[in-house]
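In: I'd like to go over a predicted model; first the sequence, then the structure.
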Amino acid sequence: MVVVMEMSSSNQQIEAVNLKLDQLGFQTQMIRGVKRIVIGAVGDRRSSDILELQLMPGVEKIVPIMKPYKLVSREGRDENTVIKVGNVTIGGDNLAIIAGPCAVESRQQLLTAAYQVKRAGGQIIRGGAFKPRTSPYSFQGLELEGLKILKEAAQATGLPVVTEVIDEGSLQMALDYVDMVQVGARNMQNFRLLKAVGQTDIPVLLKRGMSATIEEWLMAAEYIISEGNGRVILCERGIRTFETATRNTLDLSAVPLVKRLSHLPVIVDPSHGTGDRGLVQPMSMAAIAAGADGLILEMHPEPAKALSDGPQSLTPEELEQVMGQLSLLLPAVARQLPTNAIRESA
């Protein structure tokens with residue numbers, strides 16, 4: 001349930017309600033919106049407890065939440081959550097573009113890609129320092145060296161960076177070097193990792209598992225938020241179906257559905273969703289038309305030489321083309337690129 005406080009309620013009244021919920025055995029989290037303050041409360045509801053809470057000073061109403069994902073649900077918060085990653089906002093009117101190579105392969109490769117992302121109008125640099133691969137013989141990432149290169153790219157370009165973490169050890173290492181961490185599809189239900197990420201305050205990009213239902217995906221987000229970290233961004237990256245013509249089946253119906261069910265921002269990964277660079281531009285356009293708050297795109301300075309995901313990686317020129325096409329679509333969906341992104345890509 002959520003306890004909706006009156007806008008005129010004092011800090012003392014809010015603290016008193018928090019204390020009472022704690023005494024009643026509820027796990028709580030404060031959600032401060034523009035129009036109201038609510039306290040999310042997870043625990044065993046009893047009618048006598050609810051009546052007692054309703055009579056407390058400053059309480060406007062008690063709203064029960066029927067969904068199993070209590071803190072993620074839009075039932076508890078009408079307003080869209082807007083998350084700041086460095087100086088970039090995700091979930092507002094601006095369209096967030098994250099781009100870069102699948103993996104950090106070398107200092108020269110990553111810095112070259114970072115400047116190309118900035119020139120095209122991208123706002124966040126992606127690059128994998130830890131690479132969970134299907135084959136144990138495939139490139140596994142540069143790990144700590146890769147994190148140091150990512151931090152150097154952030155300092156050189158002024159853009160924030162994101163990398164995937166694969167366990168608690170990699171998470172602790174990444175916290176000193178990046179602005180956002182990614183929980184990949186393979187780890188969406190790694191509950192120890194989700195809890196560990198939830199105990200930090202760093203923004204989290206949570207990818208949908210390759211065979212996960214929407215409820216399972218949202219419950220994974222609930223794990224993170226229930227530990228105290230509400231800075232979760234959901235990423236649709238395609239699911240596994242019987243179709244083999246594309247790498248995955250990009251489920252764009254999930255975008256408006258999840259935005260109806262949850263207040264969290266939703267972005268789309270058309271690179272992994274299709275596995276085909278020729279499909280990235282049309283699916284990027286479709287994702288934004290469906291209501292996505294942003295995109296995460298794979299771009300490599302030389303895709304033919306990429307150590308991972310070369311066939312789905314855009315060239316720098318193709319990234320600029322995608323950005324140009326998106327700028328034509330954005331007015332129709334009441335979105336915009338930040339002014340610095342428009343200037344860089346012009």
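Out: Looks like it arrived, so ask away.

In: mind listing the strands for the stretch 101-250 of the chain?
Out: Assigned by DSSP state E, counting those that start in this stretch, the strands in the stretch 101-250 of the chain fall at 124-126, 161-165, 180-183, 204-207, 232-236.

In: just list whatever residues bridge to the residue nearest in space to the middle of the chain.
Out: The chain has Ile233 as the residue nearest its centroid, 2.2 Å off, counting by Cα atoms, centre = their mean. Applying DSSP bridges to Ile233 gives these bridge partners: Leu205.

In: out of the strands of the stretch 101-250 of the chain, flag the one nearest Leu19.
Out: strand 232-236 (26.7 Å; Cβ to Cβ). Just so you know, the C-beta spots here come from the backbone N, C-alpha and C atoms, and that holds for glycine as well.

In: send me the very next helix or strand once past that closest one as PDB with only the CA atoms.
Out: Under the assignment DSSP states H and E, the closest C-terminal helix or strand after strand 232-236 is helix 254-261. Extracted in PDB, the C-alpha atoms of helix 254-261 (Å, rounded to 0.1, in the frame of the first residue of the first chain):
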ATOM      1  CA  ALA A 254       6.200  -3.900 -23.900                       C
ATOM      2  CA  VAL A 255       7.100  -0.200 -24.100                       C
ATOM      3  CA  PRO A 256       3.600   1.300 -23.800                       C
ATOM      4  CA  LEU A 257       2.400  -1.600 -21.600                       C
ATOM      5  CA  VAL A 258       5.200  -1.200 -19.100                       C
ATOM      6  CA  LYS A 259       4.700   2.600 -19.100                       C
ATOM      7  CA  ARG A 260       1.100   2.000 -18.200                       C
ATOM      8  CA  LEU A 261       2.000  -0.400 -15.400                       C
END
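
In: for helix 254-261, the averaged confidence score.
Out: Averaged across helix 254-261, the pLDDT comes to 97.

In: what's the angle between that helix and strand 232-236?
Out: Orientation check (axes from the mean of the first three to the mean of the last three Cα atoms, to 10 degrees): helix 254-261 against strand 232-236 gives 150 degrees.

In: how far does helix 254-261 sit from its chain's centre?
Out: 14 Å (Cα atoms, centre = their mean, to the nearest Å).

In: got a list of contacts for it?
Out: Helix 254-261 has contacts (Cβ atoms under 8 Å, 6 or more residues apart in numbering) with 67, 73-74, 80, 208, 214, 217-218, 234, 236, 264, 266, 268, 287, 290-292.

In: elements contacting the very next helix or strand once past it?
Out: Along the chain past helix 254-261, the next helix or strand (assigned with DSSP H and E) turns out to be strand 266-268. Here strand 266-268 touches strand 232-236, helix 254-261, helix 277-289, strand 294-298, going by 3 or more Cβ pairs under 8 Å, 6 or more residues apart in numbering; DSSP states H and E.

In: what sits closest to Asp269 if chain neighbours are left out?
Out: Spatial nearest neighbour of Asp269, excluding adjacent residues (Cβ to Cβ, 6 or more residues apart in numbering): Arg237 at 3.9 Å.

In: so the one you found touches Met188, yeah?
Out: No - between Arg237 and Met188 there is no contact under Cβ atoms under 8 Å: 10.0 Å.

In: what's the overlap in contacts for the two?
Out: Shared contacts of Arg237 and Met188 (Cβ under 8 Å, 6+ apart): Lys207, Arg208.

In: just for the stretch 201-346 of the chain, where's the confidence low?
Out: Where the stretch 201-346 of the chain drops to pLDDT under 70, the residues are 339-346.

In: can you rerun that using 50?
Out: In the predicted model of the stretch 201-346 of the chain, residues 342-346 satisfy pLDDT under 50.

In: same deal with the stretch 1-150 of the chain?
Out: Applying pLDDT under 50 to the stretch 1-150 of the chain picks out no residues at all.

In: pull the number of nearby residues for the closest residue to Asp179 other than its chain neighbours.
Out: Once flanking residues are discounted, Asp179 sits nearest to Pro160: 3.5 Å by Cβ to Cβ, 6+ apart. Residues near Pro160, counting by other Cβ atoms under 10 Å, number 20.

In: returning to what we had before: tabulate the strands of the stretch 101-250 of the chain in a markdown table, adding columns for distance to Glu318.
Out: Converted to a markdown table, the strands of the stretch 101-250 of the chain look like this (distance: least, Cβ to Cβ, whole Å):
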| stretch | distance to Glu318 |
| --- | --- |
| strand 124-126 | 16 |
| strand 161-165 | 21 |
| strand 180-183 | 23 |
| strand 204-207 | 23 |
| strand 232-236 | 21 |
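
In: those strands: which one's closest to Gln29?
Out: When the strands of the stretch 101-250 of the chain are ranked by proximity to Gln29, the top entry is strand 232-236, at 12.3 Å, counting by Cβ to Cβ.

In: what's that closest one packed up against?
Out: Right, strand 232-236 is packed against strand 204-207, helix 214-226, helix 254-261, strand 266-268 by 3+ Cβ pairs under 8 Å, 6+ apart.

In: and those as TSV, adding mean neighbour count?
Out: Formatted as TSV, the helices and strands packed on strand 232-236 follow (neighbours: other Cβ atoms under 10 Å):
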stretch	mean neighbour count
strand 204-207	26
helix 214-226	21
helix 254-261	18
strand 266-268	26
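
In: and the ones you listed as JSON lines, adding distance to Leu337?
Out: Shown next, in JSON lines, are the helices and strands packed on strand 232-236 (distance: least, Cβ to Cβ, whole Å):
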{"stretch": "strand 204-207", "distance to Leu337": "20"}
{"stretch": "helix 214-226", "distance to Leu337": "27"}
{"stretch": "helix 254-261", "distance to Leu337": "19"}
{"stretch": "strand 266-268", "distance to Leu337": "14"}
